[in-house]
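Engineer: please find the sequence and the predicted model below.
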Amino acid sequence: MPRKRALASPLALVVALLVAGCGPIPSPTASVEPSPEATPTPEPSPTPQPSPSEDPGLTLPTPLTSDPTAINYTVTVELEAGASGRLVVVVSNLTQEMVPELVLRWPTAVRETIFLAPFEPSTQRIRESGDPLRQDWTSWVDGPGERGEPAGTTSLGWGPLLPGGILTIPVLATRVAPGPLTFDLQILNGEAILTSNGGAAWTQVTVP
């Protein structure tokens, strides 16, 4: 008599089907957050230090008018550090036009370091019945002046500059305080600045 196979219970069958139909459960993959790149700390930039060239020194205002008469000039500083001396300005007229009144101009505040003057006090400079330091051919004006000399300036008139002529102007520089100094110097015909090398006859002078 043949053996009958035992029938599996419905519950066992269900469990077997579930196990056979399901593959292995994948394990969760850990997500890695990208780490932010480290930003390098910038090196502190050095604080700019002032240099002597950044100091414009004592400046002059721009003259209201100009004169196209062409000149050539040189300024020689004969002055040592801590001592007195002189400046020598040589002006040449390159044209056949006369300059009626050649004027040198610098900031009045220059005298706080060096005192500029056209000559030294002397009894020979005193005219009979006249004031000391007065001569017909020169005038020395601290602005504001009657002829339009601007405030804060000193103007030294040196008389006419003839056509093709050359004037050598020594200016005494008496030391008042120690230290170097840079200042503007203008060369004018009255109140009109003269022309040199196609530009204004306007330069900077440095004394030690």
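Structural biologist: Yes, it's here.
Engineer: who's in contact with Trp202?
Structural biologist: 60, 184-187, 193 (CB atoms under 8 Å, 6 or more residues apart in numbering). Every C-beta, even on glycine, is put in place using the N, C-alpha and C of the backbone.
Engineer: specify the beta-bridge partners of it.
Structural biologist: Partner residues in beta bridges with Trp202, using DSSP bridges, are Gln186.
Engineer: what of Val141?
Structural biologist: So, taking DSSP bridges as the rule, Val141 has Ser155 as bridge partners.
Engineer: cool, and Leu104?
Structural biologist: Here Leu104, judged by DSSP bridges, has bridge partners Leu156, Ile187.
Engineer: wait, isn't it in contact with Asp184?
Structural biologist: No - between Leu104 and Asp184 no contact is recorded; they are 11.0 Å apart, counting by CB atoms under 8 Å.
Engineer: ok, the two, which is more surrounded?
Structural biologist: Comparing Leu104 with Asp184 by other CB atoms under 10 Å, the one with more neighbours is Leu104, at 22 against 19.
Engineer: pull up the pairing partners for the biggest strand by length in the chain, direction included.
Structural biologist: When the chain is scanned for its longest strand (criterion: DSSP state E), the result is strand 65-78. Strand 65-78 sits in its sheet next to strand 85-93 (antiparallel), strand 192-196 (parallel), going by DSSP bridges.
Engineer: parallel or antiparallel, list what pairs with the next helix or strand along the chain from the shortest one.
Structural biologist: Just to be clear, that refers to strand 192-196. Once strand 192-196 ends, the next helix or strand along the chain (criterion: DSSP states H and E) is strand 199-200. If you go by DSSP bridges, strand 199-200 pairs up with strand 192-196 (antiparallel).
Engineer: strands of the chain, start to end?
Structural biologist: The residue ranges that make up the strands of the chain, judged by DSSP E, are 65-78, 85-93, 102-107, 114-117, 139-142, 153-157, 166-175, 181-189, 192-196, 199-200, 202-207.
Engineer: rebuild those strands as a markdown table, extending it with mean pLDDT.
Structural biologist: Shown next, in a markdown table, are the strands of the chain (pLDDT from 0 to 100):
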| stretch | mean pLDDT |
| --- | --- |
| strand 65-78 | 97 |
| strand 85-93 | 97 |
| strand 102-107 | 97 |
| strand 114-117 | 93 |
| strand 139-142 | 82 |
| strand 153-157 | 95 |
| strand 166-175 | 94 |
| strand 181-189 | 97 |
| strand 192-196 | 98 |
| strand 199-200 | 96 |
| strand 202-207 | 97 |
